[in-house]
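Asker: What follows is a predicted protein model with its sequence.
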Amino acid sequence: MLELKAGQCVLGVRPDIGGAVGFWTRDGKAVFRPVIDPNLAAQQGQAVAAYPLIPFSNRVADGRFEFGGETFQLARNFRGEPHAIHGNAWERVWSVVAQDQASVTLALDHAPPRDPAEQWPFCYRAEIDYALRDDGLTVRIRVRNTDPRPQPVGVGFHPFYPRDHDIELGFSAASVWQAGPDSLPAERLPVEGDWCFEPMRAVDGPALDNCYAGWTGSAFLRWPTRGLSLTMTAEAPFDHLVVFTPPGRDYIAAEPASNMTDAINRPDIPDRGLTILAPGEVLHAEVEFSLARL
């Protein structure tokens, strides 16, 4: 694990496990919560606190999609579900391109048939920058289409946060996708009642695993007992926010994403968030996490 340091912040980075963040602490206390997910076999039972979602966020129904007149079948990479999830960058070993005390750049080249086409059938190069400072972290993601064909691309970033008894969350979005029993979007609903986190409120009520559309690009977390707050800010293409609040767990997730769940199979939805990259084109995304004391 690589360690970055800036003031009282320490960030552990795992090039060997999907270019993930192993931990992020400030003053010795967790900002991101390391989580072991046995359903994600490629993470090898290692605790991961955040990781990039490339070349798509969330699920592709049954791992199957059509594009450019062809039908593709992806490997099911999430135990207990028939779907493909979170792309394949989290399944791979990344390379270190540059590093100093407070920042690192990692890269991944995916190129079938050298690499498994069942993970993703198109060639791409991904790069991620982690830039740490005493009051926060900036994450920059770039995905270049290195295939001779156009390809559909989405990106996301998946941080886990400590779920203290008094954790609060706040953000604004235009709508939310209610998931069906298959964990795929079933109905688009207004953001009200238990769906609503405007104004900021305690993370309670029904468990969520839902994608919000029309996210304004800001989300706020607060831990009153710790005396700490965090502001997450992002711009396009991060127009979606996935909120995951599993019952009985010591973490939640609020994940900026460019695409809605199963976007590749939803061509009738104008704001699904899928980007079609021509050969050589690059998709850029950035998210910033800023800390403050209450």
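Answerer: Noted; the coordinates are in hand.
Asker: Please, where are all the strands along the stretch 101-250 of the chain?
Answerer: 103-110, 124-133, 136-145, 151-153, 156-162, 168-171, 175-179, 185-190, 201-202, 209-213, 218-223, 228-234, 240-244 (DSSP state E, counting those that start in this stretch).
Asker: Kindly list the longest strand within the chain.
Answerer: With secondary structure taken from DSSP state E, the chain has its longest strand at strand 282-293.
Asker: Parallel or antiparallel, which strands does that strand pair with?
Answerer: strand 136-145 (antiparallel), strand 228-234 (antiparallel) (DSSP bridges).
Asker: how about it: buried residues?
Answerer: By neighbour count on 16 or more other CB atoms under 10 Å, the buried set for strand 282-293 is 283, 285-289, 291. All C-beta atoms are positioned from the backbone trio N, CA, C, and that covers glycine.
Asker: At the geometric centre of the chain, which residue do we find?
Answerer: Geometric centre of the chain, nearest residue: residue 157, 2.4 Å, by CA atoms, centre = their mean.
Asker: which residues of the stretch 51-200 of the chain score low on pLDDT?
Answerer: Nowhere does the stretch 51-200 of the chain drop to pLDDT under 70.
Asker: in what helix or strand does residue 276 lie?
Answerer: strand 275-277 (DSSP states H and E).
Asker: Adjacent strands (with direction) for that strand?
Answerer: Assessed with DSSP bridges, strand 275-277 is paired to strand 151-153 (antiparallel).
Asker: Okay, buried residues for the partner strand please.
Answerer: Neighbour-count burial for strand 151-153, counted by 16+ other CB under 10 Å, picks out 151-153.
Asker: hmm, back to that, ok, which of the strands paired with strand 282-293 comes nearest residue 93?
Answerer: For residue 93, the closest of the strands paired with strand 282-293 is strand 136-145, at 17.3 Å, according to CB to CB.
Asker: ok, residue 108 touching residue 123?
Answerer: No - if you go by CB atoms under 8 Å, residue 108 and residue 123 don't touch, sitting 11.4 Å apart.
Asker: so what's residue 221 up against?
Answerer: By CB atoms under 8 Å, 6 or more residues apart in numbering, the contact list for residue 221 reads 161, 167-170, 229-230, 232, 254.
Asker: Local confidence estimate at it?
Answerer: For residue 221, the pLDDT comes out at 98.
Asker: how far away is it from residue 239?
Answerer: Using CB to CB, to the nearest Å, one obtains 20 Å as the distance from residue 221 to residue 239.
Asker: Repeat that for residue 271.
Answerer: For residue 271, the distance to residue 239 (CB to CB) stands at 7 Å.
Asker: higher neighbour count, the two?
Answerer: Between residue 271 and residue 239, counting by other CB atoms under 10 Å, residue 239 is the more crowded of the two (23 against 14).
Asker: one step back: can you put the strands of the stretch 101-250 of the chain in JSON lines and add distance to residue 38?
Answerer: Formatted as JSON lines, the strands of the stretch 101-250 of the chain follow (distance: least, CB to CB, whole Å):
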{"stretch": "strand 103-110", "distance to residue 38": "24"}
{"stretch": "strand 124-133", "distance to residue 38": "25"}
{"stretch": "strand 136-145", "distance to residue 38": "25"}
{"stretch": "strand 151-153", "distance to residue 38": "28"}
{"stretch": "strand 156-162", "distance to residue 38": "15"}
{"stretch": "strand 168-171", "distance to residue 38": "26"}
{"stretch": "strand 175-179", "distance to residue 38": "22"}
{"stretch": "strand 185-190", "distance to residue 38": "26"}
{"stretch": "strand 201-202", "distance to residue 38": "29"}
{"stretch": "strand 209-213", "distance to residue 38": "17"}
{"stretch": "strand 218-223", "distance to residue 38": "26"}
{"stretch": "strand 228-234", "distance to residue 38": "27"}
{"stretch": "strand 240-244", "distance to residue 38": "16"}
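Asker: Tell me which helix or strand the closest residue to residue 242 other than its chain neighbours sits in.
Answerer: Closest residue to residue 242 apart from its sequence neighbours, by CB to CB, 6 or more residues apart in numbering: residue 255 at 4.2 Å. Here residue 255, judged by DSSP H and E, is contained in strand 251-257.
Asker: Buried residues, that strand. List them.
Answerer: For strand 251-257, burial by neighbour count (16+ other CB under 10 Å) applies to 251-257.
Asker: ok, now stretch 64-81?
Answerer: 65, 67, 72, 74, 76-78.
Asker: a markdown table please, covering the strands paired with strand 282-293 and showing mean neighbour count and distance to residue 21.
Answerer: Converted to a markdown table, the strands paired with strand 282-293 look like this (neighbours: other CB atoms under 10 Å; distance: least, CB to CB, whole Å):
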| stretch | mean neighbour count | distance to residue 21 |
| --- | --- | --- |
| strand 136-145 | 21 | 8 |
| strand 228-234 | 20 | 14 |
